[in-house]
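S.K.: Model the following, please.
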Amino acid sequence: MSPSEKQPYRHSVSVAGAVIDDEGRFLAIQRRDNGKWEIPGGVLELGETPEEGVVREVLEETGVKVHVERLTGLYKNMERGIIALVFRCSVISGEPEETAEARSVAWLTPDDIREQVDEAYAVRFLDALDDDTTIRAHDGFNLL
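M.R.: Numbers count the residues shown, from 1 in each chain. Below you'll find the predicted structure:
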């Protein structure tokens, strides 16, 4: 049974931070649950703004406190009904460290992202380099 058959017209909302350093590298996490490299983020909690959610999620997953600059993309996982809001962020303080959710945290170049991250998630990083806000749909792995 698909998510839309279980709960018609309902979506989950997540937030993520495309954290870029002065050298143009992205802060990325290697997830503990599946070993994949992704952008730090997670489910937006009730009672918090999207910006507050990004700051919380990036800190929880990387140990780095960030400043949210702007919305860079909106992404929908068509298979799971998840809407992801991605924000470009800059570092305020902290050093990347392993966390309960991330077995590794690293600064990756755009080329690293293209090589190591599934297409549907790589664009979340790379779209943050553009001045426009991007809207995309994917199936969990590939863009549609």
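S.K.: which residues are contacting the top helix by length along the chain?
M.R.: Longest helix in the chain by number of residues, with DSSP state H as the criterion: helix 50-62. Helix 50-62 is contacted from outside by 15-17, 19, 27, 29, 40-42, 44-45, 48, 64-66, 68, 71, 85, 87, 89, 94, 96-97, 99-102, 105, using Cβ atoms under 8 Å, 6 or more residues apart in numbering. In short, each C-beta sits where N, CA and C put it, glycine included.
S.K.: and the residues you listed, which are buried?
M.R.: Among the contacts of helix 50-62, those buried by neighbour count (16 or more other Cβ atoms under 10 Å) are 15-17, 19, 27, 29, 40-42, 44, 64, 66, 68, 71, 85, 87, 89, 96, 99, 101-102, 105.
S.K.: Filter these down to just the ones in strands.
M.R.: Counting by DSSP state E, the part of the buried ones among the contacts of helix 50-62 found in strands is 15-17, 19, 27, 29, 41-42, 66, 68, 71, 85, 87, 89, 102, 105.
S.K.: Relative to residue 123, which of those is nearest.
M.R.: residue 16 (11.7 Å; Cβ to Cβ).
S.K.: just for the protein, where's the confidence low?
M.R.: The chain contains residues with pLDDT under 70 at 1-8.
S.K.: Could you rerun that using 90?
M.R.: For the chain, residues meeting the criterion pLDDT under 90 lie at 1-11, 140-141.
S.K.: quick one: secondary structure of the residue lying closest to residue 26 once chain neighbours are set aside?
M.R.: Of all residues not flanking residue 26 in the chain, residue 125 sits nearest, at 4.8 Å (Cβ to Cβ, 6 or more residues apart in numbering). The three-state assignment at residue 125 reads helix, by DSSP: H, G, I helix; E, B strand; the rest coil.
S.K.: State the number of residues packed around residue 125.
M.R.: Using other Cβ atoms under 10 Å as the criterion, residue 125 is surrounded by 28 other residues.
S.K.: my read: it touches residue 25, true?
M.R.: No. Counting by Cβ atoms under 8 Å, residue 125 stays clear of residue 25, with 10.0 Å between them.
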